[in-house]
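> Need the 3D shape of this:
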Amino acid sequence: MDLGTYRKQFKKHFPELNPNIYLCQTYFVTGKISVDVCTLDDYLHTRYGDYETEKGWSMKDCIFNHYGQSAVDFILSII
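Below is the predicted model of the structure:
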């Protein structure tokens, strides 16, 4: 996946977020697109609270319940 495709797909699944913030910094060394799951998890907790404790959800569950299966598939494809 190239950077333009990553940005377009990220905005499709997470329209309120800036895709550049969630791009893993290793991209600038390796050229391989991956998402910074720690930063994304921080955002999800800010937006949806302590979903692990309160609802027993994983990060994957949170993404599925708020953004759908296609968002889960997208994130899994770039971690």
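> any idea how far H66 lies from I78?
18 Å (CB to CB, to the nearest Å). Heads up, the C-betas are built off the backbone N, CA and C, glycines and all.
> Those two: which is more packed in?
When H66 and I78 are compared for neighbours, I78 comes out ahead with 17 against 14, by other CB atoms under 10 Å.
> quick one, what contacts the more buried one?
Listed by CB atoms under 8 Å, 6 or more residues apart in numbering, the contact set of I78 reads M1, Y6, I33, S34, V35.
> Can you report phi and psi for the closest residue to the fourth one other than its chain neighbours?
Distances taken as CB to CB, 6 or more residues apart in numbering place C24 nearest to S34, at 4.3 Å, with adjacent residues excluded. C24 has phi and psi values of phi -60, psi 130 when expressed as degrees, to the nearest 10.
> Tell me how many other residues surround C24.
Counted with other CB under 10 Å, the neighbours of C24 add up to 17.
> quick one: the helices in the protein?
With DSSP state H applied, the chain shows helices at 3-13, 27-30, 37-48, 51-55, 59-67, 69-77, listed in chain order.
> Let me have the ones you listed in CSV, extended by mean pLDDT and distance to P19.
CSV is the format used below for those (pLDDT from 0 to 100; distance: least, CB to CB, whole Å):
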stretch, mean pLDDT, distance to P19
helix 3-13, 96, 4
helix 27-30, 90, 11
helix 37-48, 96, 11
helix 51-55, 95, 22
helix 59-67, 98, 14
helix 69-77, 97, 11
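> can you list those in a markdown table and add distance to N20?
A markdown table is the format used below for these (distance: least, CB to CB, whole Å):
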| stretch | distance to N20 |
| --- | --- |
| helix 3-13 | 7 |
| helix 27-30 | 10 |
| helix 37-48 | 11 |
| helix 51-55 | 25 |
| helix 59-67 | 19 |
| helix 69-77 | 16 |
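> Not counting stretch 32-44 itself, show me its contacts.
Counting by CB under 8 Å, 6+ apart, 1-3, 6, 10, 17, 21-27, 51, 59, 62-63, 66, 75, 78-79 sit against stretch 32-44.
> Filter these down to the buried ones.
Y6, F10, Y22, L23, C24, Y51, M59, C62, I63, I75, I78 (16 or more other CB atoms under 10 Å).
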